[in-house]
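Q: sequence plus predicted model, see below.
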Amino acid sequence: MLRKDYIMRMYEEFGKFLATLFGLRKMGNWPELEELIKTSAQKYSLVEVEFAESLETKGLPEYLMKNHSLNSENLKMLGDLLYEKGLMYLATDRAVAAKNAFQKVFVLYTYVQQNALESDFSLDMHNKLSNVKELLGLHDKA
């Protein structure tokens, strides 16, 4: 029961953190947004965002789980942070860095989505994944 309470508190805290990032993004305060992601990433995702950005995209979730003990929740949070950073890169004319971040978001979210239980469905992640697919020029073949 204590673990469940801890996890719920962590999700609530992360939600407030994302709201702060959203506010900074809305104001166009890119330096503060970037610094906040940099200083807070390890708390939520167990790895630094810059480190994740430097890794190969292929096999990223498996590598992070095996070598850094991340779980699905950590992978999703890392994807959320990379998503915000990708949007920042787009807004500050850093297209190559944005593409790199969004490719990693795509791989992380896809992995989480494919390995999650139905009860773990996240509409937020689904919407972000759709946006990333559009930004990367990936289209579902229906």
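A: Noted; the coordinates are in hand.

Q: next, the buried residues of stretch 81-98.
A: Neighbour counts using 16 or more other C-beta atoms under 10 Å place 81-90, 97-98 of stretch 81-98 among the buried residues. The C-beta positions use only the backbone N, C-alpha and C, and glycine is treated the same way.

Q: just checking, what packs against the helix or strand of the chain with the lowest mean pLDDT?
A: Least confident helix or strand, the chain: helix 2-27 with a mean of 80, by mean pLDDT, DSSP states H and E. Secondary-structure packing of helix 2-27 (3 or more C-beta pairs under 8 Å, 6 or more residues apart in numbering; DSSP states H and E): helix 30-45, helix 72-91.

Q: quick check, distance from that helix to the centre of its chain.
A: Relative to its chain's centre, helix 2-27 lies at 13 Å (C-alpha atoms, centre = their mean, to the nearest Å).

Q: would you list the helices and strands packed on helix 2-27 in JSON lines and tack on distance to residue 19 and mean pLDDT?
A: JSON lines is the format used below for the helices and strands packed on helix 2-27 (distance: least, C-beta to C-beta, whole Å; pLDDT from 0 to 100):
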{"stretch": "helix 30-45", "distance to residue 19": "12", "mean pLDDT": "89"}
{"stretch": "helix 72-91", "distance to residue 19": "11", "mean pLDDT": "93"}
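
Q: right, and those - which one's nearest residue 54?
A: helix 72-91 (12.0 Å; C-beta to C-beta).

Q: got the CA coordinates for that closest one in CSV?
A: Extracted as CSV, the C-alpha positions of helix 72-91 are listed here (Å, rounded to 0.1, in the frame of the first residue of the first chain):
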residue,chain,number,x,y,z
SER,A,72,7.3,1.5,-18.2
GLU,A,73,6.3,4.5,-16.1
ASN,A,74,9.9,5.9,-16.3
LEU,A,75,10.0,5.4,-20.0
LYS,A,76,6.7,7.3,-20.4
MET,A,77,8.0,10.1,-18.2
LEU,A,78,11.2,10.3,-20.2
GLY,A,79,9.1,10.3,-23.4
ASP,A,80,7.1,13.2,-22.0
LEU,A,81,10.3,15.2,-21.2
LEU,A,82,11.8,14.5,-24.6
TYR,A,83,8.5,15.6,-26.2
GLU,A,84,8.6,18.9,-24.4
LYS,A,85,12.3,19.3,-25.4
GLY,A,86,11.4,18.5,-29.0
LEU,A,87,8.8,21.2,-29.1
MET,A,88,11.3,23.6,-27.6
TYR,A,89,13.8,22.6,-30.3
LEU,A,90,11.2,23.3,-33.0
ALA,A,91,10.3,26.7,-31.6
